[in-house]
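> here is a sequence together with a model predicted from it:
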Amino acid sequence: MCMKKVILAGGSGYLGQLLAKMLLALGIEVVVLSRSKSEESLKEVNYVYWDGETLGNWVDELEGADSLINLCGKSIQCRFTEKNKKALTESRVVPTKLLGKAVQSLKNPPRLWINFSGISIFGGKKGLHAEDSIDYGIDFLSVLAQEWEEAMDSISLQQTKKVILRISPVLGVHSGMFAELHPLVKMGMGGQVGNGKQMVSWIHEHDFMQMVKWIVELENPAPLYHACSPETVSNATFMEVFRKEAKVSFGIPLPVPIAYIGSFLKGVDVSLLLQTVPATTKKTIEDGFKFKYSYLHSALAQLIKST
């Protein structure tokens, strides 16, 4: 990859930091559009303030950039009250439409725009759903992903290639599902949740970073990819493999009533524990992406070894 400039909109979170570090290591100039005026997490990154709602001087940073990656969105780790639903939707749709206006105004717009979405678009569905499926769910997170993607699709661009990247839970040492579950598994609390039949899609943080890099390097990427391992497993299998790799012989299960109580006390929606998300990927493999961690046991073994 030759020297380029990449813009990360809303890149101050965990995934944004992963991408920024990877891009910097490749010798790429990284600009993060941040709502925090004092953001300076990585010294080599150029942090530029924006409010995510209005055009401003930040638009100049997009001029001549190679790629724009939009990670904006309030964390779904909350209760799905009407107030939070509105905030979750607006934090995704509003910045996406704003970036569209900004790109349309440029003389030399980015070659590529990657917009994140969620594999939660298939929440509650049966079977396994790859990039060619349009059998979307009807729960809140499914509709949220659909509205986010519609905001991207509604923007007409002549010179910029648009790619939607649906993200599954990213397994990483310091944040997300693995970081939260690992201590519980070690304490013997890593049993299945509910009946354990709900499907769990996932991706190792290494493969997540490499997939973004791969898309940026593609001459003609597809308009949609799933950032998830092709090996989707049930919750019961996920926890069983986790216990095995952590060398823990038992795990106390989490019955549905306790899941409701626990999610309430933690301030998150119970659907994050009980909803099935049966997503997989075909298009990434067809187009030549090579997963390093296709299988859950090797992904968890590497992460456990790194703790």
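Structure received.
> hey, let's count contacts and neighbours off CA atoms from now on
OK.
> and the strands in the stretch 151-300 of the chain, which stretches?
Secondary structure of the stretch 151-300 of the chain (DSSP state E, counting those that start in this stretch): strands at 161-167, 170-171, 199-200, 203-204, 224-227, 233-234.
> state the distance from Met187 to Lys213.
37 Å (CA to CA, to the nearest Å).
> ok, now Leu88?
Taking CA to CA as the measure, Leu88 falls 27 Å from Lys213.
> show me which of these two is the more surrounded one.
Shown here are Leu88 and Lys213; by other CA atoms under 10 Å, Leu88 has more neighbours (19 against 16).
> flag the shaky bits of the protein, pLDDT-wise.
The model of the chain has pLDDT under 70 over residues 1-3, 37-41.
> so which residue is smack in the middle of it?
Note on the chain: the residue nearest the mean C-alpha position is Ile167, at 3.5 Å, using CA atoms, centre = their mean.
> how close does it sit to Asn115?
On the measure of CA to CA, Ile167 and Asn115 end up 10 Å apart.
> thought the residue nearest to the centre of the chain was touching Ile121?
No: counting by CA atoms under 8 Å, Ile167 does not reach Ile121; the two are 10.2 Å apart.
> related to what we said a few turns ago, what's the most buried one of the strands of the stretch 151-300 of the chain?
Among these, strand 203-204 has the highest mean neighbour count (mean count of other CA atoms under 10 Å), at a mean of 28.
> by contact count, what packs against that one?
Applying 3 or more CA pairs under 8 Å, 6 or more residues apart in numbering; DSSP states H and E, we find strand 203-204 packed against strand 170-171.
> what helices and strands are in contact with the strand it packs on?
If you count contacts as 3+ CA pairs under 8 Å, 6+ apart, strand 170-171 packs onto helix 176-186, strand 203-204, helix 205-217.
> just to revisit the earlier point, got the contact list for the residue nearest to the centre of the chain?
Under the criterion of CA atoms under 8 Å, 6 or more residues apart in numbering, the neighbours of Ile167 are 116-119, 226-228.
> what of Gly52?
Neighbour list for Gly52: 35, 94-95, 98 [criterion: CA under 8 Å, 6+ apart].
> coming back round to it: turn the contacts of Ile167 into CSV, columns for distance to Ser201.
Listed next are the contacts of Ile167 as CSV, based on distance: CA to CA, whole Å:
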residue, distance to Ser201
Phe116, 16
Ser117, 14
Gly118, 11
Ile119, 8
His226, 10
Ala227, 9
Cys228, 6
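> from these, which is closest to Leu265?
Nearest to Leu265, judged by CA to CA, of the contacts of Ile167 is Gly118 at 25.2 Å.
> quick check: the closest one touching Ala145?
Yes: here Gly118 reaches Ala145: they are 5.8 Å apart, a contact under CA under 8 Å.
> all helices of this protein, in order?
With DSSP state H as the criterion, the chain has helices at 14-25, 82-104, 140-153, 176-186, 205-217, 235-245, 256-266, 271-274, 283-286, 296-306.
> which of those sits closest to Gly127?
When the helices of the chain are compared by CA to CA, helix 235-245 sits nearest Gly127, at 14.9 Å.
> can I get the closest one in CSV? Just the C-alpha atoms.
C-alpha atoms of helix 235-245 as CSV (Å, rounded to 0.1, in the frame of the first residue of the first chain):
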residue,chain,number,x,y,z
ASN,A,235,-24.2,-19.5,22.1
ALA,A,236,-23.8,-22.9,23.8
THR,A,237,-21.0,-23.9,21.4
PHE,A,238,-19.3,-20.5,21.8
MET,A,239,-19.3,-20.8,25.6
GLU,A,240,-18.2,-24.5,25.4
VAL,A,241,-15.2,-23.6,23.2
PHE,A,242,-14.4,-20.6,25.4
ARG,A,243,-14.3,-22.9,28.5
LYS,A,244,-12.1,-25.4,26.7
GLU,A,245,-9.6,-22.9,25.6
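> who does that helix touch, helix- and strand-wise?
Short answer (3+ CA pairs under 8 Å, 6+ apart): helix 235-245 packs on helix 176-186, strand 199-200, helix 296-306.
> with adjacent residues omitted, what lies nearest to Gly118?
Arg166 (4.4 Å; CA to CA, 6 or more residues apart in numbering).
> I figured the one you found was touching Phe116, is that so?
Yes: contact criterion CA under 8 Å: Arg166 and Phe116 qualify, at 5.8 Å.
> residues in contact with Leu224?
Going by CA under 8 Å, 6+ apart, Leu224 touches 131, 163-166.
> nope, Gly191 is what I was after
Contacts for Gly191 (CA under 8 Å, 6+ apart) come out as 185, 236, 239-240, 250-254.
> no more questions from me, cheers.
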